[in-house]
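> any chance you can model this:
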Amino acid sequence: MIMKTKIQLLVLSALLLAGCGGKEEKEEAIRPVFYQEVGKSITQNVRSFSGVTQSATEAKLSFKVGGLIQKVTIDMGDTVKRGAVIARLDNTDYRINYNKTEASLKNAEAQLAAAKSAFLRVESLYVNNNVSLSEYEKVKTQFESAGTMVKTARSQLNAAQNQLDYTVLRAPFDGVVSSVMAQENEMTGAGHPIVVFAGVNNLEVKTAVPENIIAQINRGQDVTVRFSAFPEKTFRGVITEVSPGIPNASAYPVIIQLAESSSRLFPGMTGTVELALNVDSLSQYRIVIATDAVGHDQSGDFVFVAVKSNESDIYVAEKREVTLGELQAKGYEIMSGLDKNEVVITAGLSFLYDGRKVKLLDN
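Purely as a prediction, here's the structure:
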């Protein structure tokens with residue numbers, strides 16, 4: 001009987017010791033955490049819209065004279081320097097006309113030389129009263145007429161030279177061939193488009209802004225443009241045109257002039273236009289916290305606030321539901337759930353629970 005009682009006491013003692021050991025294991029160490037003291041930051045309501053680059057100096061190039069297209073020297077997408085040849089016409093007829101007018105000028109100049117010689121001879125005789133006034137005036141008139149013929153022939157030669165030059169179509173500025181609208185061995189007329197040519201040194205971006213915010217967009221407003229082809233770089237721009245609207249459309253065209261040129265940008269490239277909207281002075285002061293400070297569960301979005309305890313330098317993690325606004329460059333905008341000067345834990349949310357003791361690390 002005594003032995004049985006001892007065994008029972010030993011078992012009871014072992015159970016008590018096991019129970020005490022479990023309690024000790026459940027006691028977790030105070031967890032060190034990084035934190036952020038909540039303050040009100042100036043935030044901008046930035047909206048993003050898709051845009052496409054286009055040339056501010058786009059032109060449809062055409063010949064000033066008609067004829068048979070002999071050669072097209074470019075293809076769509078080619079980058080062309082100012083003065084480079086775009087296309088040529090068969091200039092045979094224009095060359096013949098030039099040669100004829102050149103011969104006419106030489107003939108007129110020969111007649112002028114003869115008329116001048118005759119005039120000078122008669123003039124000297126007239127001074128000495130050796131010829132009549134009528135004879136003098138006749139020769140003088142012939143000399144003046146020959147001079148007029150030379151001027152006319154020179155004008156005709158200049159015109160013929162221009163016509164000959166017009167059979168060569170050249171790039172008026174540095175640019176890119178957007179479209180080719182004619183082929184070799186086709187007949188074309190004066191003013192008929194041959195290519196669409198877009199400048200590359202003066203690019204702009206066209207985007208569309210919805211009607212609910214168009215009133216907050218102004219000419220002269222600075223914007224930022226990003227291109228997926230160059231994720232490491234941002235481009236500055238300024239709004240130059242705000243369309244009054246298009247009938248039956250819910251978006252308004254907006255034109256942004258890029259403030260800097262780049263040899264890597266071409267017309268037709270897609271990008272993202274970031275517009276900072278005008279907001280009232282009170283609404284722009286909002287709470288913004290780091291993205292890592294925000295957690296998400298079935299109940300929604302939450303943060304852990306470090307609340308001071310009665311122990312020195314010890315805080316208690318308090319789980320707090322929050323309402324998120326827009327994602328800003330510095331983190332999430334908090335619409336509700338936090339107040340200024342509260343301390344938010346910014347890392348290790350998966351190790352926290354409501355009521356856990358924490359210690360703030362030096363950030």
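> residues in contact with Pro244?
Contacts for Pro244 (Cβ atoms under 8 Å, 6 or more residues apart in numbering) come out as Tyr252. Placement of C-beta: from N, CA and C, glycine included.
> so what's it scoring on pLDDT?
On the pLDDT scale, Pro244 is placed at 76.
> would you mind measuring from it to Glu204?
18 Å (Cβ to Cβ, to the nearest Å).
> and Tyr35, how many neighbours does it have?
Neighbour count for Tyr35, taken as other Cβ atoms under 10 Å: 22.
> which residues of the chain fall in helices?
2-26, 92-127, 133-165 (DSSP state H).
> quick one: closest of these to Glu321.
Of all the helices of the chain, it is helix 2-26 that lies closest to Glu321, at 27.2 Å by Cβ to Cβ.
> burial measure for the closest residue to Gly39 other than its chain neighbours, as a count.
Of all residues not flanking Gly39 in the chain, Lys340 sits nearest, at 6.2 Å (Cβ to Cβ, 6 or more residues apart in numbering). Lys340: 10 surrounding residues under other Cβ under 10 Å.
> dump the residue contacts of the residue nearest to Leu157 when sequence neighbours are not counted.
The shortest distance from Leu157 to any non-neighbouring residue, by Cβ to Cβ, 6+ apart, is to Thr101 (4.5 Å). Counting by Cβ under 8 Å, 6+ apart, Thr101 touches Ala153, Gln156, Leu157, Ala159, Ala160.
> what of Ile239?
Applying Cβ under 8 Å, 6+ apart, the residues near Ile239 are Ile217, Asn218, Arg219, Gly220, Gln221, Val223, Val254, Ile255, Ile256, Gln257.
> contact partners for the first one?
The contact partners of Ile217, taken as Cβ under 8 Å, 6+ apart, are Val209, Ile239, Val242, Val254, Leu275, Leu277.
> what subset of the residues you listed is buried?
Val209, Ile239, Val242, Val254, Leu275 (16 or more other Cβ atoms under 10 Å).
> I'd say Ile255 and Val205 touch.
Yes. Applying Cβ atoms under 8 Å, one finds Ile255 in contact with Val205, separated by 7.4 Å.
> which of these two has more neighbours?
Applying other Cβ under 10 Å to Ile255 and Val205 shows that Val205 carries more neighbours, namely 27 against 19.
> gap between that one and Ser243?
14 Å.
> again with Thr270
In terms of Cβ to Cβ, Thr270 sits 20 Å off from Ser243.
> mind checking which of the two has more residues around it?
Ser243 (15 against 12).
> hang on, the earlier thing: could the buried ones among the contacts of Ile217 go into TSV alongside distance to Gly83?
Compiled in TSV, the buried ones among the contacts of Ile217 are given as follows (distance: Cβ to Cβ, whole Å):
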residue	distance to Gly83
Val209	39
Ile239	33
Val242	36
Val254	34
Leu275	39
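> what's the most distant pair in these?
Val242 and Leu275 (11.3 Å).
> and Asn107, how many neighbours does it have?
Other residues lying near Asn107 total 13 when counted by other Cβ under 10 Å.
> about what we covered before: now the contacts of Thr101 as TSV including distance to Asp354, neighbour count and pLDDT?
Formatted as TSV, the contacts of Thr101 follow (distance: Cβ to Cβ, whole Å; neighbours: other Cβ atoms under 10 Å; pLDDT from 0 to 100):
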residue	distance to Asp354	neighbour count	pLDDT
Ala153	103	21	96
Gln156	98	18	96
Leu157	97	21	97
Ala159	93	13	97
Ala160	94	21	97
